[in-house]
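> One predicted model, sequence on top.
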Amino acid sequence: MVATAQRYEELHPEVRIIWEKRTLDEFGHKPIDELAEEYDLIDILPKAIFEAPVANSLSRLT
């Protein structure tokens, strides 16, 4: 994903993509609905999707 973002930025210099990594432990310290408010895109493990407190917190891309 990082390499794809870098290539996209090369082709679209007006766009800046920043990836932030978290360990599973760090991820577990913040509710998914709060993360969804902070970030435009979140890549999470499928198990975590079922832990989303409300259906409106996430939108599936696939």
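Done, it's in. Residues are numbered from 1 along each chain as shown.
> Relative to Arg22, how far out is Tyr39?
Per Cβ to Cβ, to the nearest Å, Tyr39 is found 11 Å from Arg22. Every C-beta, even on glycine, is put in place using the N, C-alpha and C of the backbone.
> And the spatially most central residue of the chain, its phi and psi?
Nearest to the centroid of the C-alpha atoms of the chain, with distances taken as Cα atoms, centre = their mean, sits Ile42, at 1.2 Å. Dihedral angles of Ile42 (phi, psi; degrees, to the nearest 10) stand at phi -130, psi 130.
> doesn't Leu35 make contact with it?
Yes. Using Cβ atoms under 8 Å, Ile42 is in contact with Leu35, at 5.7 Å.
> Need the overlap of contacts for those two.
Among the neighbours of Ile42, none is also in contact with Leu35 (Cβ atoms under 8 Å, 6 or more residues apart in numbering).
> Okay, and Lys21 sits in which element?
Of the helices and strands defined by DSSP states H and E, none includes Lys21.
> Tell me who's in contact with Gly28.
Per Cβ under 8 Å, 6+ apart, neighbours of Gly28: none.
> which is the next helix or strand following the helix or strand containing Tyr8?
Element membership for Tyr8, per DSSP H and E: helix 2-11. For helix 2-11, the following helix or strand on the C-terminal side (DSSP H and E) is helix 24-28.
> Specify the next element, helix or strand, located C-terminal of that next one.
According to DSSP H and E, the helix or strand after helix 24-28 is helix 32-38.
> could you dump that following helix to PDB, C-alpha only?
Provided in PDB are the C-alpha atoms of helix 32-38 (Å, rounded to 0.1, in the frame of the first residue of the first chain):
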ATOM      1  CA  ILE A  32     -13.100   2.100  15.700                       C
ATOM      2  CA  ASP A  33     -15.700   4.800  15.500                       C
ATOM      3  CA  GLU A  34     -13.100   7.400  16.800                       C
ATOM      4  CA  LEU A  35     -10.500   6.200  14.300                       C
ATOM      5  CA  ALA A  36     -13.100   6.600  11.500                       C
ATOM      6  CA  GLU A  37     -13.600  10.200  12.400                       C
ATOM      7  CA  GLU A  38      -9.900  10.900  12.300                       C
END
